[in-house]
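*Asks:* 3D model of this:
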Amino acid sequence: MLKSISKQAYRLRRPEQAPAAFRRAILEAMSPPAGPVSVEVPIDFQASLIAVPALISSPRDSRLPSDTDLAPAVERMLLARRPVIWAGSGSMFSNSSNEVIQLMELLDAAVITTQSARGIVPETDSRCIGHFATFPAVKEFVGKADLLISAGVRFRGNETSNWSLKTPAEHIGIDVDPEAINRNFSHSIGIVGDAKTTLAAIVRLLCVQNPRPKLDYREEVAELQRVLRKEVHETLGPYQDILDAIQKFIPEDAILVRDVTVPATTWGSRLIVRRYPRTTLHASAGGIGQGLPMAIGAQIAAPTKTVVLLAGDGGLLVNIGELAAARQENAPIVVILFDDQGYGVLRNIQNAHFDGKTFAVDLQSPDYVALARAFGFNSERVRSADEFRSAFSQAVKSREPWMVVVDSTAIGPMKKIFAGPEGGAQLYKPH
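*Replies:* Modelled structure (predicted):
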């Protein structure tokens, strides 16, 4: 069972296997493509006293394709007039932000990012389209590209409109996992290797050729960026002021964590600007409730940074006991809790499809402010953008655990109701 849901799973057959098994599991988990690994230790082994041998591990094969091997890819990049870079989690995990930025600048390429890779290119750069791949304008734009360069991208269904995206015939894919080549979309050139070292080699070869700037294309990409952001802004209604307050007071290098909730899905994952890599976390599998544990983990891993979590009341209730862990570990996370007293997306879907009839989507909400304070958090309930601005700014400055409870009923609905992601039982219905 564990093998079916993780990268690998091991079971000890003798207690003495533990040191080598743990070493192997750690190396396996951290080596690209990274993923969870489990080691099963039978109960009757757990109290055993064993001798720990000196372990010597051979390094992983990190050979880089030669300049000759990379030459066809470089040639296609030089010929491209409408190049698009698609950066995914693999490029983030390999710390290749500088290399992606350099490639973008050399080619004047547009950059699309997955949720995981937000911030690998500053979203303030006019060439960064960002996390908008499912939007019709972006799908059309990618279809007109003459070259797609993907680096460490899984091409998940919910980021490609269930794999209906049309990619150009020239597609250079870079991935450390050989199985990623041609997995979901065809590649004309597949490069198996670490994103950082591969991109660095490509950048070095391109610099020798000194590619020509593409000023008209650069302006086209900038206009697309403006249009996409405006499109989402126009759906916000009263939440525009909430977004503005978050943008004003959240530090540029803060870690933004999103649970699955309507505000996070619709605008939090797109419009709260990310300027740096490794400043964004989200529930990639779409399950509610993991936002709070992720935020606590991020704060412990980066104790000097501000960690802000966007969560809904339904998701928070799944793991609300973790508030105690945050307080116990002195993790000064800031939770923005959007309280609509229910499972908002499911409620919207049912309202849209069943003429306003809903079932099993309304929640008996506790007094979240009292609950948060009982766990040792500071907390306030806000019913307007002005109240939110005051509470959130105080929370960020305090460096203490905080929960700002946004009364979604008092604030009012978004201008455009969100009823599920594309590809599911979605229906966008104006309010």
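
*Asks:* C-alpha from now on. contacts and neighbour counts both.
*Replies:* Noted.

*Asks:* Which elements pack onto the helix or strand where Ile85 lies?
*Replies:* If you go by DSSP states H and E, Ile85 is part of strand 83-87. When contacts are defined as 3 or more CA pairs under 8 Å, 6 or more residues apart in numbering; DSSP states H and E, strand 83-87 sits against helix 97-107, strand 110-113, strand 147-151.

*Asks:* go again using 7 Å as the cut-off
*Replies:* With contacts defined as 3 or more CA pairs under 7 Å, 6 or more residues apart in numbering; DSSP states H and E, the packing partners of strand 83-87 are strand 110-113, strand 147-151.

*Asks:* Just checking: what are the partner strands of the helix or strand just after the longest one?
*Replies:* To tie it back to what came earlier, the one meant is strand 147-151. The C-terminal neighbour of strand 147-151 among helices and strands, as given by DSSP H and E, is strand 171-175. Using DSSP bridges, the strands paired with strand 171-175 in its sheet are strand 147-151 (parallel), strand 189-192 (parallel).

*Asks:* A helix includes Ala325, no?
*Replies:* Yes. Per DSSP: H, G, I helix; E, B strand; the rest coil, Ala325 lies within a helix segment.

*Asks:* what's near enough to touch it?
*Replies:* Contacts of Ala325 were listed using CA atoms under 7 Å, 6 or more residues apart in numbering, and none were found.

*Asks:* picking that back up, what's the mean pLDDT across the strand holding Ile85?
*Replies:* Per-residue pLDDT over strand 83-87 has a mean of 98.

*Asks:* Go through the following helix or strand past it and flag the buried ones.
*Replies:* Using DSSP H and E, the next helix or strand after strand 83-87 towards the C-terminus is helix 89-93. For helix 89-93, the neighbour count (16 or more other CA atoms under 10 Å) marks Ser89, Gly90, Ser91, Met92, Phe93 as buried.

*Asks:* Tabulate those residues in JSON lines, adding columns for distance to Pro366.
*Replies:* Compiled in JSON lines, these are given as follows (distance: CA to CA, whole Å):
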{"residue": "Ser89", "distance to Pro366": "37"}
{"residue": "Gly90", "distance to Pro366": "40"}
{"residue": "Ser91", "distance to Pro366": "42"}
{"residue": "Met92", "distance to Pro366": "39"}
{"residue": "Phe93", "distance to Pro366": "39"}
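
*Asks:* For Glu179, state which of these is nearest.
*Replies:* Gly90 (13.5 Å; CA to CA).

*Asks:* Which residue comes closest to that closest one once chain neighbours are left out?
*Replies:* Computed as CA to CA, 6 or more residues apart in numbering, the closest residue to Gly90 that is not its neighbour in sequence is Gly152, at 3.7 Å.

*Asks:* and if you look at Asn348?
*Replies:* Ala419 (5.0 Å).

*Asks:* Report the separation between the one you found and Ser393.
*Replies:* 31 Å (CA to CA, to the nearest Å).

*Asks:* When the two are compared, which one has more neighbours?
*Replies:* More crowded of Ala419 and Ser393, by other CA atoms under 10 Å: Ala419, with 23 against 15.

*Asks:* what does the model give that one for pLDDT?
*Replies:* Per-residue pLDDT puts Ala419 at 70.

*Asks:* Wait, it touches Val345, no?
*Replies:* Yes. In this structure, Ala419 is within contact of Val345 by CA atoms under 7 Å, at 5.4 Å.
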